[in-house]
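Student: Model the following, please.
(2 chains)
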Number of protein chains: 2
Amino acid sequence: MTPARLFLVSVAVLLLLSTPDSARPAEDGAGWIRDYRPIANRLIADATGDAFAWKRLAALTDVAAHRLSGSPELERAIAWTVAEMKRDGLENVHTEKVRVPKWIRGHESAEVVAPARHVIAMLGLGGSEATPREGIVADALVVRSFEELDRRATEARGRIVVLNAPFTHYAESVRYRSDGPSRAARHGAVGVLVRSIGPDGLRLPHTGSVQYDGGVRVPAAAIASEDADRLQRLADRGERIVVRLQMESHFDGEAESANVVGELRGRERPEEIVVVSGHLDSWDVGSGASDDGGGCIVTWEALRIMKKLNLRPRRTVRVVLFTNEENGGRGGAAYRDRHRDELSRHVAMLESDNGVFRPLGFGVSGSAAVRQTVAAIATLLDRIAATEVGPGGEGGDIAPSVAFARIPALSLEVDSSRFFVIHHTAADTVDKIDPAEMARCAAAVTVMAYVLADMPERLGE
Amino acid sequence: MTPARLFLVSVAVLLLLSTPDSARPAEDGAGWIRDYRPIANRLIADATGDAFAWKRLAALTDVAAHRLSGSPELERAIAWTVAEMKRDGLENVHTEKVRVPKWIRGHESAEVVAPARHVIAMLGLGGSEATPREGIVADALVVRSFEELDRRATEARGRIVVLNAPFTHYAESVRYRSDGPSRAARHGAVGVLVRSIGPDGLRLPHTGSVQYDGGVRVPAAAIASEDADRLQRLADRGERIVVRLQMESHFDGEAESANVVGELRGRERPEEIVVVSGHLDSWDVGSGASDDGGGCIVTWEALRIMKKLNLRPRRTVRVVLFTNEENGGRGGAAYRDRHRDELSRHVAMLESDNGVFRPLGFGVSGSAAVRQTVAAIATLLDRIAATEVGPGGEGGDIAPSVAFARIPALSLEVDSSRFFVIHHTAADTVDKIDPAEMARCAAAVTVMAYVLADMPERLGE
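Tutor: Residues are numbered from 1 along each chain as shown, chains lettered A, B, ... in the order given. Presented below is the predicted three-dimensional model:
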């Protein structure tokens, strides 16, 4: 197809898509949605016209790669973010203090001692207990599932249990990381190694938090898929496997951290608020580019772009970049507590925490009317193919506020196939993110936030 | 297509391919090549009938993952291999001693100290000098090419030079690793970090040997592509970058190692020899599954399968699993010296050292007659699509013998697109290899070795 012809076909498709007939959810409010198309197109054009978002993410992750809450790196990122938000001309830029747990990884290692010495590629799980200083040396019990673990419970006593469950999808597999250590400990295990929760990689362990129950807290680490495969092969051959695990990880009290807040005050109803958000903290490996530096930048972009284009919506748009999502959730809880009196005036809360890969649309939790309106707004995103609206909206940071005040909640939904390859790993770096895809994520959030904040009637009414 | 119909079509295709008309190189010897088809088909059927080769490779890499020459792990692998070859019923199984340099990596680390502290994913280059115990702290000079390095030579003095050349293909890019450190040292650099020689990975540095010239030997390490990108971004922003490099790597004299040899003695001309080979040593990271455990197993398979099927060719087939390919080449040199008197009776030498991914065919160096005969034999591999014959045959271990006695040389050629992703890394593990593809590699080598050893006239005559 020639460029001219491609252009004509594209225009035809866009015209088709933008009619109320093809955009069923907009039927009720076809008129007002159609009125937003010129502004939406301007917002999209600006967001996708350069690689500003990607470059800002690169700058953030270069300023402070690891941003575990409680670390000096996160505090440096917070200071940098405040300065940059002010430079953008955002309003009411400030931090809101949050006490966070301070967990320190320290030195850690694991190795197969017998039948043949072999270093295991591992990462301690966030929040894990330490081993004794000299480490633990114990026979390994390798199991493929919780069911096998329970069936072989008597063999677990005194052993290091290797939970080698195949990765299916994150929501299903993550229980081996979060719940596995305590489950094995109940059978008397002295340590736990979990096959990384992610697709097979390149000798790349994935960390993440462990959720101990009230019982014995055994040291726990994630291991690379290759190492899990190897241990399974040894076990399948009937070899006696001896593993040494050494971890210094521990909590060192609490530290002061903060959520970062910036606003574009509403021109008519400033007391009504649309929150867009991500979390600025990350794990202490990689650069937290996908989890969740990208989410921070694309939601922040909504305000920067509106400000730049001098498009001030009726209501206030507030960006909140939370602290401590990864290992405590204190930032989200602190926001709820601090803003309790105004939560009833929160029109919607949106969180982007699924990476900033090719945007698909939005997940929503709320009434049928809320879902219908969000779907109608999403029709404005046809030219960036981000019109899908389905269940979702379950951002960890917005959850406390959303639950408290029954606030309509949105999540940016993206093609996450590449997200879980690098999730919670040393490979979560900015080079994995495509500037054009990230720009489309920013465009999607910007249009959604603008219309939610500007539409004549409040969302859901 | 129904299975029956698929079968008929396959048979038709095979018949077509096996006629001299479609197999031009076989025209001269169409008769004798055609006579080998039933045996070739039996060899292929046996090699591809199970996952024996893959399982043996898994066993080898589980017995001894890292097999750097001079290490106890390689010695364990050698002992295991001898025992397994004897169990296969191979003849004249023995080791041939080789003195090898003993290089020890020790502890090593690199980090960006300024503008913001950041750990660099690195692997010291094999043969690198150590830094002083406390490490080197120096400003970094980041360059994208040797040309930029030379242009900015005055800036290199006293600095750690980062060679951030984009990876194109191995043969072209490897000079940055092998020659880069000395080239930077000539300009006064005190250390060198080389962007890993391989496609961008998942924070995965690739080691490999450095070739110092006669000048100052500066410590040198490979860094992950992500870290090279990050340093480049900092440099492009005009940041002053300070790097700390600490390496304990050093030579610790020499150690005794060995080539492993097994044979299937020829039934008519046992003094004439076809060598098939790989190298049993690997780098000290990963499991050396692709480099070159797989090459060892598929060439060894040639003898095991002939023995198992009671197919003894006219000439002797000898498998040689070399030591010290990666960091010295002493195994290949030792073979030449020890077997000097019989090299003239070496009909051909074949090495598999490109991984055991989907086989394509063979590379050959030799006369036109040699290439033509090899191409004719390769027509027997049509059913496993390994019929391509082109230039090649440059195995590092067979090179000394080949050069000394002008022996026809072959290399197994495979789809190496996945090879360089894991080459010389911690991710070179058996799970990256497909058992069916590996079985086809074994089939290709087995058929080639059998016919070379059995054909009525000696290759090239």
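Student: Show me what from the stretch 101-250 of chain A comes close to chain B.
Tutor: Contact residues, the stretch 101-250 of chain A versus chain B (C-beta under 8 Å from any C-beta of the partner chain): A:115-118, A:121, A:200-204, A:225-226, A:229-230, A:233-234. Using the backbone N, CA and C atoms, a C-beta is placed for each residue, glycine as well.
Student: State the pLDDT value of residue A:5.
Tutor: Listed pLDDT for residue A:5 reads 42.
Student: Show me where the stretch 1-150 of chain A has its strands.
Tutor: In the stretch 1-150 of chain A, the segments counted as strands under DSSP state E, counting those that start in this stretch are A:91-104, A:108-114, A:118-120, A:122-124, A:136-143.
Student: Mean neighbour count, these: which tops it?
Tutor: strand A:122-124 (a mean of 25; mean count of other C-beta atoms under 10 Å in any protein chain shown).
Student: Name the residues that touch that one?
Tutor: With C-beta atoms under 8 Å, 6 or more residues apart in numbering or on different chains as the contact definition, strand A:122-124 has outside contacts at A:105, A:108-110, A:193, A:205-207, A:219-224, A:227, A:247, A:249, A:285, A:425.
Student: what's the answer for stretch A:174-187, then?
Tutor: Residues outside stretch A:174-187 that contact it (C-beta under 8 Å, 6+ apart): A:125, A:128, A:146, A:149-150, A:153-154, A:156-157, A:161, A:163, A:165, A:192, A:194-195, A:197, A:208-213, A:215-218, A:220, A:222.
Student: filter the residues you listed to the buried ones?
Tutor: For the contacts of stretch A:174-187, a burial check counting by 16 or more other C-beta atoms under 10 Å in any protein chain shown picks out A:125, A:128, A:146, A:149, A:153, A:156, A:161, A:163, A:165, A:192, A:194-195, A:197, A:208-210, A:212, A:217-218, A:220, A:222.
Student: Is it correct that residue A:258 falls within a strand?
Tutor: Yes: assessed by DSSP: H, G, I helix; E, B strand; the rest coil, residue A:258 belongs to a strand.
Student: Residue A:250 contacts residue A:107, correct?
Tutor: No: the criterion here is C-beta atoms under 8 Å, and residue A:250 misses it with residue A:107 at 11.5 Å.
Student: before we move on, back to that, just the buried ones among the contacts of stretch A:174-187: which are in strands?
Tutor: Of the buried ones among the contacts of stretch A:174-187, the ones assigned to strands by DSSP state E are A:161, A:163, A:192, A:194, A:195, A:220, A:222.
Student: Could you report the pLDDT at the first one?
Tutor: It stands for residue A:161. At residue A:161, the model reports a pLDDT of 98.
Student: Would you agree residue A:433 is in contact with residue A:55?
Tutor: No: counting by C-beta under 8 Å, residue A:433 does not reach residue A:55; the two are 11.2 Å apart.
Student: could I get the strands of the stretch 1-150 of chain A as TSV with mean pLDDT and distance to residue B:134?
Tutor: Shown next, in TSV, are the strands of the stretch 1-150 of chain A (pLDDT from 0 to 100; distance: least, C-beta to C-beta, whole Å):
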stretch	mean pLDDT	distance to residue B:134
strand A:91-104	98	24
strand A:108-114	97	23
strand A:118-120	95	25
strand A:122-124	98	28
strand A:136-143	98	32
